[in-house]
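Peer 1: Take this sequence and fold it.
(chains A, B, C and D)
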Number of protein chains: 2
Amino acid sequence: MQEAMENPVQNTGIEVPLLEKVRRQVINGRYGPGDLIPEIVLAEEFGVSRTPIREVLKQLQNEGLVEIRPRVGTFVREPTRREIVELFELKESLEGLAASLMARRGRVRELETLERNLEASDVAASEGNSQSYAELVHEFHWTLVRGADNRKLYETYERLMNQLAYHRIVVDTVTRPGRLKASDNEHHAVVEAIKRKDALDAEFTMRNHVRASSQAALAPTDYPRLTEAGALDNTEEHSPTVRSSPHGC
Amino acid sequence: MQEAMENPVQNTGIEVPLLEKVRRQVINGRYGPGDLIPEIVLAEEFGVSRTPIREVLKQLQNEGLVEIRPRVGTFVREPTRREIVELFELKESLEGLAASLMARRGRVRELETLERNLEASDVAASEGNSQSYAELVHEFHWTLVRGADNRKLYETYERLMNQLAYHRIVVDTVTRPGRLKASDNEHHAVVEAIKRKDALDAEFTMRNHVRASSQAALAPTDYPRLTEAGALDNTEEHSPTVRSSPHGC
DNA sequence: CCATGGCTTCTTGCATACATGAAATCTATG
DNA sequence: CATAGATTTCATGTATGCAAGAAGCCATGG
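Peer 2: Just a heads-up that it's a prediction; the model follows:
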């Protein structure tokens, strides 16, 4: 009854590596927001015809990453600030649901993963290793959503995160003063509530955590960052290697 | 900044009427769960080539309504009971979020729509007109989600409802004894909380309401229905005209 | 009678050609 | 020099042809 969830990418019938490769090329490649993406260029680049490229682009449009203007062309979409806020509101609700569902499940494998994650996060937090911590944050949130054992929730979450992940608007807020340790403490509180099987507490602790990190991500960043690597990249340029975490902490 | 929301169907670049027509044909037409849907049949039926049909089918797969097995064919998907439960869990969370967001907005146009809906619902409930009430329930929930003024939430909700709407598993639970008036009362409570701008109360009142109607929809239906029209249709046959509400009450 | 092997058929997946329409450019005129 | 109009170009939208693979079927052997 419980199907495997090992494939995070929806089975679209499209050869998955192609979709993934086009995604990277489109978002992290030489195409910036507003740029036209000619189908034929991608087709030649990947050695296929326009047909599968069109399918991939339609999928990307469905994910909200590009906009296809009929008879005109496909353009990289620039999410508005309003959309970012909307996505964060949904993120808060969905992760709250995930925490609630996981709390009701009892001791499952994902709970142990979270506990190990906390240990590693404590180390990274005490060392101030924000790069390492950012990755652990990433794992924490995805483990939680996976631990909810609700495939539709997982797919919905994945869908929304795809819209947030590849845009430079959301940067690793973990580098902001104080946020790192606060985030770590909030993670602890969530896991504690889950261990107590207190679904309501788990949900609201998680929601508060997501809201806090979302606000940190959305707040203007006037003050200097704590790390030099991956400093705030608000210019229209886009770095080929994205160091920033795809979501807040 | 605030874009219009008048188009509930995502702009996919596909000629929208075609997508809609294929959806009906596929789900309410002669194709039942598990049936193969040959592209060429639809193509000839609608007087187009296979290419736009393929795009439509891919979109329907993305919505979860069909399954494309590579090199084999496209089949109408039968959602499992587990999936239904998962979708209801998400529905509860999303509609709770919608109520919460709407409560924070103050007096907006959609609130007046809800109030008019309640008046009409009271009449339908007192008359025991479950057909009329079912339509009002439908309008109530969609108005609430629209009133949240969060486009991403709206799109996500639409996406999930598409997966629930056209399957005969979810029937109008409004015809069950007691559920009709209970539902009406719950709607009143939600609107009251919104008018009081009590976001938390609005959210949980709505969540409780969704949970109650979801459980009613999922519960086994041993006892006779109160209406003769659109009686529980659990056979593999599917009526050409679907009378059942696409969601609970 | 049952099982197994090959064959036929059917369906999709991809490539390509052509039509359509929008945008940009070039030109001619006020 | 600016502007309006026509033309040219370019990218998409659609149709169609062909190949590959999977499922079903039939025949044959045990």
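Peer 1: Now do the nearest residue to A:Leu101 once chain neighbours are set aside, the pLDDT please.
Peer 2: If the residues on either side of it in the chain are set aside, A:Leu101 comes closest to A:Ala148, at 3.9 Å by Cβ to Cβ, 6 or more residues apart in numbering or on different chains. (Each C-beta comes from the backbone N, C-alpha and C, glycine too.) At A:Ala148, the model reports a pLDDT of 98.
Peer 1: so A:Ala148 touches A:Leu97, yeah?
Peer 2: Yes - using Cβ atoms under 8 Å, A:Ala148 is in contact with A:Leu97, at 7.0 Å.
Peer 1: near DNA strand D, which residues of chain A show up?
Peer 2: A:36-40, A:50-51, A:54, A:68, A:70-74 (Cβ under 7 Å from any atom of the strand).
Peer 1: could you redo the last one with a cut-off of 10 Å?
Peer 2: A:36-43, A:49-51, A:53-54, A:57-58, A:61, A:68-75 (Cβ under 10 Å from any atom of the strand).
Peer 1: Which of those fall in strands?
Peer 2: Judged by DSSP state E, the subset of the residues of chain A next to DNA strand D located in strands is A:Ile68, A:Arg69, A:Gly73, A:Thr74, A:Phe75.
Peer 1: tell me which of the residues you listed is nearest to B:Leu90?
Peer 2: Of all those, B:Leu90 sits closest to A:Ile68, with 27.6 Å by Cβ to Cβ.
Peer 1: Now do the strands in chain A.
Peer 2: Using DSSP E, strands in chain A cover A:66-69, A:73-76.
Peer 1: The first one and DNA strand C, are they touching?
Peer 2: Right, strand A:66-69. Yes - using Cβ under 10 Å from any atom of the strand, strand A:66-69 reaches DNA strand C at A:Arg69.
Peer 1: can you give me the offset of that strand from its chain's centre?
Peer 2: In terms of Cα atoms, centre = their mean, to the nearest Å, the centre of strand A:66-69 is found 22 Å from the chain centre.
Peer 1: Show me what it is packed up against.
Peer 2: helix A:50-63, strand A:73-76 (3 or more Cβ pairs under 8 Å, 6 or more residues apart in numbering or on different chains; DSSP states H and E).
Peer 1: Contact distance from DNA strand C - what residues of chain A qualify?
Peer 2: Contacts of chain A with DNA strand C, taken as Cβ under 10 Å from any atom of the strand, map to A:12-15, A:18, A:36, A:39-40, A:43-44, A:46-56, A:69-73.
Peer 1: Which pLDDT value belongs to the residue of chain A positioned farthest from its centre?
Peer 2: Farthest-out residue of chain A from its mean C-alpha position, per Cα atoms, centre = their mean: A:Arg71, at 31.9 Å. Here, the pLDDT recorded for A:Arg71 equals 95.
Peer 1: same deal with A:Gly178?
Peer 2: The model's pLDDT for A:Gly178 equals 79.
Peer 1: can you give me phi and psi for it?
Peer 2: The phi/psi pair for A:Gly178 (degrees, to the nearest 10) reads phi 90, psi -30.
Peer 1: coming back round to it: show me which of the ones in strands among the residues of chain A next to DNA strand D is closest to DNA strand C.
Peer 2: Within these, proximity to DNA strand C (Cβ to the nearest atom of the strand) peaks at A:Arg69, which comes in at 6.8 Å.
Peer 1: okay, now that closest one: neighbour count?
Peer 2: For A:Arg69, the tally of surrounding residues (other Cβ atoms under 10 Å in any protein chain shown) stands at 11.
Peer 1: Could I get the contacting residues of the residue in chain A that DNA strand C sits nearest to?
Peer 2: Going by Cβ to the nearest atom of the strand, DNA strand C is nearest to A:Ser49 of chain A, at 3.0 Å. When contacts are counted by Cβ atoms under 8 Å, 6 or more residues apart in numbering or on different chains, A:Ser49 touches A:Ala43.
Peer 1: likewise A:Ala199?
Peer 2: Neighbour list for A:Ala199: A:Ala99, A:Ser100, A:Leu101, A:Ala103, A:Arg104 [criterion: Cβ under 8 Å, 6+ apart].
Peer 1: so what's A:Phe204 up against?
Peer 2: A:Phe204 touches A:Gly96, counting by Cβ under 8 Å, 6+ apart.
Peer 1: Among the contacts of A:Ala199, which ones are in helices?
Peer 2: A:Ala99, A:Ser100, A:Leu101, A:Ala103 (DSSP state H).
Peer 1: about what we covered before: and the buried ones among the contacts of A:Ala199, selectable in PyMOL?
Peer 2: Command for PyMOL that selects the buried part of these, burial taken from 16 or more other Cβ atoms under 10 Å in any protein chain shown:
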select buried, chain A and resi 99+100+101+103
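Peer 1: Tabulate the contacts of A:Ala199 (TSV), appending distance to B:Ala125 and pLDDT.
Peer 2: Formatted as TSV, the contacts of A:Ala199 follow (distance: Cβ to Cβ, whole Å; pLDDT from 0 to 100):
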residue	distance to B:Ala125	pLDDT
A:Ala99	37	98
A:Ser100	32	98
A:Leu101	33	98
A:Ala103	36	98
A:Arg104	33	98
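Peer 1: Just give me the closest of the contacts of A:Ala199 to B:Arg196.
Peer 2: Closest to B:Arg196, out of all of these and judged by Cβ to Cβ, is A:Ser100, at 24.9 Å.
Peer 1: Excluding chain neighbours, what is closest to that closest one?
Peer 2: The shortest distance from A:Ser100 to any non-neighbouring residue, by Cβ to Cβ, 6+ apart, is to A:Glu203 (3.9 Å).
Peer 1: do the same with A:Val191
Peer 2: Of all residues not flanking A:Val191 in the chain, A:Leu114 sits nearest, at 5.2 Å (Cβ to Cβ, 6+ apart).
Peer 1: And for A:Leu144?
Peer 2: A:Ala98 (5.0 Å).
Peer 1: And the pLDDT for that neighbour?
Peer 2: pLDDT at A:Ala98 comes out at 98.
Peer 1: mind listing what it touches?
Peer 2: Contacts of A:Ala98 (Cβ under 8 Å, 6+ apart): A:Leu144, A:Val145, A:Gly147, A:Ala148, A:Asn150, A:Leu153, A:Tyr157, A:Met206.
Peer 1: surely A:Glu186 meets A:Ala212?
Peer 2: Yes - using Cβ under 8 Å, A:Glu186 is in contact with A:Ala212, at 6.9 Å.
Peer 1: what are the phi and psi angles of A:Thr80?
Peer 2: phi -80, psi 160.
Peer 1: burial count for it?
Peer 2: When neighbours are counted by other Cβ under 10 Å, A:Thr80 comes out with 13.
Peer 1: What are the buried residues along the helix-or-strand element of chain A with minimal mean pLDDT?
Peer 2: Using mean pLDDT, DSSP states H and E, helix A:16-27 stands out as the lowest-scoring helix or strand of chain A, at a mean of 82. Buried positions in helix A:16-27, judged by neighbour count with 16+ other Cβ under 10 Å: A:Leu18, A:Leu19, A:Lys21, A:Val22, A:Arg23, A:Gln25, A:Val26, A:Ile27.
Peer 1: Check stretch A:123-143 too.
Peer 2: A:124-125, A:130, A:133-134, A:136-143.
Peer 1: To A:Ala219, which of the strands of chain A lies closest?
Peer 2: If we rank those by Cβ to Cβ, the stretch that ends up nearest is strand A:73-76, at 25.5 Å.
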